[in-house]
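A.B. asks: Sequence and computational prediction follow.
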Amino acid sequence: MGIDEEVRVYEPVVHHDERGSFYESYNKTAFDAWVGRDVRFVQDNHSVSAYGVLRGLHYQLEPEAQAKLVRASCGSIFDVAVDIRRSSPTFGEWRGFELSAENHRQLWIPEGFAHGFLALDDGAEVQYKTSAGYAPALDRVIRWDDPSIGIGWPLGRGQPIVGERDAEAPTLADSEIFA
């Protein structure tokens, strides 16, 4: 299975009328049918970022590896998933998508992928569900600008704003990842 069959964008049906709009941001039955397996989410996270903030590339190791369903509920982000499974034919490949409050897109990121995003607006709000809770002992990060991955971040105004942990992260080659 290729990366494009695993990391996928979900585009919900949005109903618009003179009052505004409505959509289901999550429906377990419909989501499980779309993904093709039973997914049990156990945690919801919500972050707010200023323009140019880059968070990632984050992941958790087994036995607490996390699948994620990510959306931007305010503003827009460039959301990225990187295949970090050594045995995968798409190891080291990445996919990036713009998620916004306007386009309502959500990104499905399975276990075995690192995740990061760049805020494209001030006050970008990101909400995501995870299939495993936060496990500090298994939490890892890969350098966001690792040349071996070569992510094409849309850095409109120069260098992003990154936290200390992300700035000092190891490259993919030096990271503890999946078999």
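C.D. replies: Now that the structure is in, tell me what you want to look at.
A.B. asks: what bridges to the residue nearest the centre of the chain?
C.D. replies: Nearest to the geometric centre of the chain sits His115, at 4.3 Å (CA atoms, centre = their mean). Taking DSSP bridges as the rule, His115 bridges to His58, Ala81.
A.B. asks: now the strands for this protein?
C.D. replies: 8-10, 15-17, 20-22, 43-49, 54-60, 68-74, 76-83, 94-100, 106-109, 113-119, 124-130, 139-141 (DSSP state E).
A.B. asks: In CSV, list those along with distance to Phe178 and mean pLDDT.
C.D. replies: Yep, even glycine has a C-beta here, placed from its N, CA and C like the rest. Below are the strands of the chain laid out as CSV (distance: least, CB to CB, whole Å; pLDDT from 0 to 100):
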stretch, distance to Phe178, mean pLDDT
strand 8-10, 19, 93
strand 15-17, 39, 91
strand 20-22, 39, 90
strand 43-49, 20, 97
strand 54-60, 9, 97
strand 68-74, 15, 98
strand 76-83, 9, 98
strand 94-100, 15, 98
strand 106-109, 13, 98
strand 113-119, 9, 98
strand 124-130, 16, 98
strand 139-141, 10, 98
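A.B. asks: can you put those in JSON lines and add distance to Arg37?
C.D. replies: Formatted as JSON lines, these follow (distance: least, CB to CB, whole Å):
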{"stretch": "strand 8-10", "distance to Arg37": "13"}
{"stretch": "strand 15-17", "distance to Arg37": "28"}
{"stretch": "strand 20-22", "distance to Arg37": "27"}
{"stretch": "strand 43-49", "distance to Arg37": "19"}
{"stretch": "strand 54-60", "distance to Arg37": "19"}
{"stretch": "strand 68-74", "distance to Arg37": "13"}
{"stretch": "strand 76-83", "distance to Arg37": "17"}
{"stretch": "strand 94-100", "distance to Arg37": "20"}
{"stretch": "strand 106-109", "distance to Arg37": "11"}
{"stretch": "strand 113-119", "distance to Arg37": "15"}
{"stretch": "strand 124-130", "distance to Arg37": "15"}
{"stretch": "strand 139-141", "distance to Arg37": "24"}
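A.B. asks: Count the neighbours of the closest residue to Ile3 other than its chain neighbours for me.
C.D. replies: Spatial nearest neighbour of Ile3, excluding adjacent residues (CB to CB, 6 or more residues apart in numbering): Thr90 at 4.1 Å. Neighbourhood size, Thr90 [other CB atoms under 10 Å]: 18.
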